[in-house]
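Chemist: 3D model of this:
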Amino acid sequence: MNNKNCAPLVWPTLLYFCAPGLAWAEDSDFFKDSTATLQARNYYFQRNYLDIRGTEKPKAEEWAQGFILNFKSGYTPGTVGFGIDAVATLGLKLDSGRGRVGTGLLSIKDSGAPADDYSRLGPTLKARFSKTELRLGELQPDIPVLPFSDIRLLPPSYQGVSFSSSELAGLTLQGGRIKSTSLRNEAGDEKLIAMLGYIPQRASPSDAFNYMGGDYSFNESRTTGVFQGS
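Modeler: Residues are numbered from 1 along each chain as shown. From the prediction side, this is the model:
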């Protein structure tokens, strides 16, 4: 399990992308349309396993503090506009122990003990032409075949490429290729692995997940869509 902080590797990329265009970007929508939000979460989770696992692991119980920083830039001027988004997350242990891990709040060391903290910085490069957008890097899709499940301290994310197009009124087309994932309680990237069963077990690894589909809105209250993933 890789729980390193990815920030030292990512910041040079961000600086390289932004620095050459600072002169013209100051007067463009790149900065004017940029937004940043900081969210703090305090999460206590307790689950009793006596009826499932007996005394082997009677419960999972942890308390943690999390921070989520979301940055979204505007686009550079021109027929094709470019921008960059970034998500930075930090999870801090407030209370846990070797016998109480497994809540999904905190990262777990190879020794089986909970990590004191874990963090991640994930950038996304984006390009926009008309009403079509291409994204490369950190992704958080929320579609029928890959729903976004933000139910713990920090949100999960994926790494890959995606596109979204709304050139025709009412019709939105989407597609993408996911190569790896960062789970909700981990800092590094992992191979895609399904979690199956009443007592979740990691199985069925995959090198990639491809999806495509679209939805059409007849009006504000009626929408239909079709998606496929493999």
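
Chemist: any chance you could map the helices in this protein?
Modeler: 7-18, 22-25, 29-32, 50-53 (DSSP state H).

Chemist: mean pLDDT for the ones you listed: which is lowest?
Modeler: In terms of average pLDDT, helix 7-18 trails the rest of the helices of the chain, at a mean of 44.

Chemist: give me the low-pLDDT residue ranges for the chain?
Modeler: Within the chain, the segments meeting pLDDT under 70 span 1-27, 53-55, 195-203.

Chemist: centroid residue for it?
Modeler: Centroid-nearest residue in the chain: residue 157, 2.1 Å away (criterion: CA atoms, centre = their mean).

Chemist: helices or strands up against the lengthiest strand in the chain?
Modeler: Ranked by residue count under DSSP state E, the longest strand found in the chain is strand 80-95. The helices and strands touching strand 80-95, judged by 3 or more CB pairs under 8 Å, 6 or more residues apart in numbering; DSSP states H and E, are helix 7-18, strand 59-72, strand 117-129, strand 132-139. (C-beta placed from N, C-alpha, C; glycine too.)

Chemist: same thing but 10 Å
Modeler: helix 7-18, helix 29-32, strand 35-48, strand 59-72, strand 117-129, strand 132-139 (3 or more CB pairs under 10 Å, 6 or more residues apart in numbering; DSSP states H and E).

Chemist: in the last one, what counts as buried?
Modeler: Which is strand 132-139. Under the neighbour-count criterion of 16 or more other CB atoms under 10 Å, strand 132-139 has 133-135, 137-139 buried.

Chemist: try the shortest one
Modeler: The neighbour-count check on helix 29-32 (16+ other CB under 10 Å) flags residue 30 as buried.

Chemist: using PDB, list the CA coordinates for that helix.
Modeler: C-alpha atoms of helix 29-32 as PDB (Å, rounded to 0.1, in the frame of the first residue of the first chain):
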ATOM      1  CA  ASP A  29     -10.800  34.300 -17.700                       C
ATOM      2  CA  PHE A  30      -8.200  31.900 -16.500                       C
ATOM      3  CA  PHE A  31      -7.900  33.800 -13.200                       C
ATOM      4  CA  LYS A  32     -11.200  35.700 -13.200                       C
END
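
Chemist: format the buried residues of strand 132-139 as a markdown table; extra columns: distance to residue 29.
Modeler: Listed next are the buried residues of strand 132-139 as a markdown table, based on distance: CB to CB, whole Å:
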| residue | distance to residue 29 |
| --- | --- |
| 133 | 14 |
| 134 | 18 |
| 135 | 18 |
| 137 | 21 |
| 138 | 22 |
| 139 | 23 |
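
Chemist: nearest to residue 222, of the residues you listed?
Modeler: residue 133 (24.9 Å; CB to CB).

Chemist: thinking that closest one is in contact with residue 139, fair?
Modeler: No. Residue 133 lies out of contact with residue 139 (CB atoms under 10 Å); the separation is 12.0 Å.

Chemist: give me the common contacts of the two.
Modeler: residue 162 (CB atoms under 10 Å, 6 or more residues apart in numbering).

Chemist: given the longest strand of the chain, what are its sheet partners and their directions?
Modeler: strand 59-72 (antiparallel), strand 117-129 (antiparallel) (DSSP bridges).

Chemist: okay, those in a markdown table with mean neighbour count next?
Modeler: Formatted as a markdown table, these follow (neighbours: other CB atoms under 10 Å):
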| stretch | mean neighbour count |
| --- | --- |
| strand 59-72 | 18 |
| strand 117-129 | 19 |
